[in-house]
Each structure stands twice: as C-alpha cells, then as structure tokens.
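1. Got a sequence here, can you build the structure:
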Amino acid sequence: MERFWGACFVLLIILYGSQAISGDFDEAYNQKVILSSYAVVGEIDNIFDSSKLEAESYNKSYEKASLVAAIEDYKPSLKKLTAGNRRTIASAFGETDLRYHIKLKSGNFVPTTLDFSTNILYNYSYIVNTPSKLLHNIKTDFAMEKEFAGSGALIREIGTGMKFTFLAWDILHAITGLGVAFVMLFVGCFIGLLFHPIDSVVNFFPVLWNLCVTTWHAISYIFNLFK
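-> Residues are numbered from 1 along each chain as shown. Presented below is the predicted three-dimensional model:
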C-alpha cells in the first residue's frame, strides 16, 4: 500500500509537471476532456450548447457535460449554492470529467464547495465512472488524430504527438485521480460537514439515491462508446 501511494505521488508530479511546461498543449487537453465529457453521456451532437450558457448556469437544469463546460469555461462563483446544486455539480463532474478536481477553475475548492453527503457522491462517482471516462477520452484521442490525416507531414506528426501525449495524460489522470478520490472519500466529507452542516443533512437521503444512479451510469455510459 505504501508503494501505491508513493507511486501516486510520483505520478502526480510527472502529470502536473509535464502539463505545466507543455504550453498550449495543456489548454488543448482540457478542452479535449470537456469534449469527451459530452461523449460520455451520449451528447456529442450538443457540444456547442455550453456556449449559450450564462455564468449562473449551475442553478439551472442543464445536462451534465454542458454544466461541466460552463463551470470550466465561464468560471462562475459557486459560493451561493442550494443543496440540490451541490448534488448536481458532484454528479456532473464525477461522472463526466476524467480530471480529479481539488479546485475548480472558478477558484472554489471542491471539498469546501460540497457538503458531507455530496463529497461522498463526487468521490464515489469519480471512482466508479473512471473506466467509462478513460475509455471515452482514449476514443477521442484517436478521433482527434484522424482530423490531421489529410494535412501535411509536419501537421500529421503534431497530431500523432498530441495523441500520445493526451493518452499518457489520460492514464495518469485516471491513476492519480483514483488515488486522490479514495483519500478524499473520507477526508473530503468531513471538510464538507464543517462548512455546510445543514446541507450535509438535507442531502443525505437524496444522495443515497444518487449513488445508485451513478453506479448505473458507470455501466450504461460505457455503451455510449458505440454511438
């Protein structure tokens, strides 16, 4: 077990170190993950819907992938959330985003944004949905390379380089994300309880149902690979 956590720590350094020095590749990768989140839930035809969302879209009933895209692109403040908002955000990121989030691009820390119950939901959802998310991201990596096929030799080489870079990052995100999620499954819930004691109670029974739903999605979303 100590070797596993040691390996996770080393892989985290490799992952975020390589992304930090990669320049535009990092931003392209983040957009690729968002694109893949649409594929996970079978909404690839609605990829441009997030451009119509306002910064406050997390208060509305948008689909999971569009919600993730809106929060990542528009960076809205998530300080004033209802109990239902927290469940929606936890499910959306846990089920569709391969990257594990300690901090969102909006500047909000996930453990303090979510409550006790929704921290459990996010981390459990992330863990059980990782196989589906990883497969969809890998599929997107290969699909992106095909977009460069009709270009010149240099552009094709860039496309191949992006594919292998993104594949490596996908695998690193999956491994390290699982490790962090296992830890935060216990640590995050207590942080959430300290910051949101009322919502922790309000969300307890609804989250029990959400846990059943996300377990089903972990299986059913895999079949969206064939769409």
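2. so where's the longest helix in the protein?
-> Counting residues, the longest helix in the chain under DSSP state H turns out to be helix 153-195.
3. and S18, which of the three is it?
-> helix (DSSP: H, G, I helix; E, B strand; the rest coil).
4. if I look at the residue nearest to F195 when sequence neighbours are not counted, how far off is S106?
-> Computed as C-beta to C-beta, 6 or more residues apart in numbering, the closest residue to F195 that is not its neighbour in sequence is T112, at 4.9 Å. No exception for glycine: its C-beta is placed from N, CA and C like everyone else's. Distance, T112 to S106, by C-beta to C-beta, to the nearest Å: 12 Å.
5. what do you get for I175?
-> 26 Å.
6. Same check on S37?
-> 17 Å.
7. hmm, back to that, what mean pLDDT does the longest helix of the chain get?
-> For helix 153-195, mean pLDDT rounds to 90.
8. what pLDDT does the residue most central in space within the chain get?
-> With distances taken as C-alpha atoms, centre = their mean, D97 lies nearest the centre of the chain, 1.9 Å away. Turning to D97, the model gives it a pLDDT of 97.
9. for E72, same thing?
-> 86.
10. any idea which helix or strand carries it?
-> helix 64-74 (DSSP states H and E).
11. in the protein, which spans are strands?
-> Ranges of strands in the chain, per DSSP state E: none exist.
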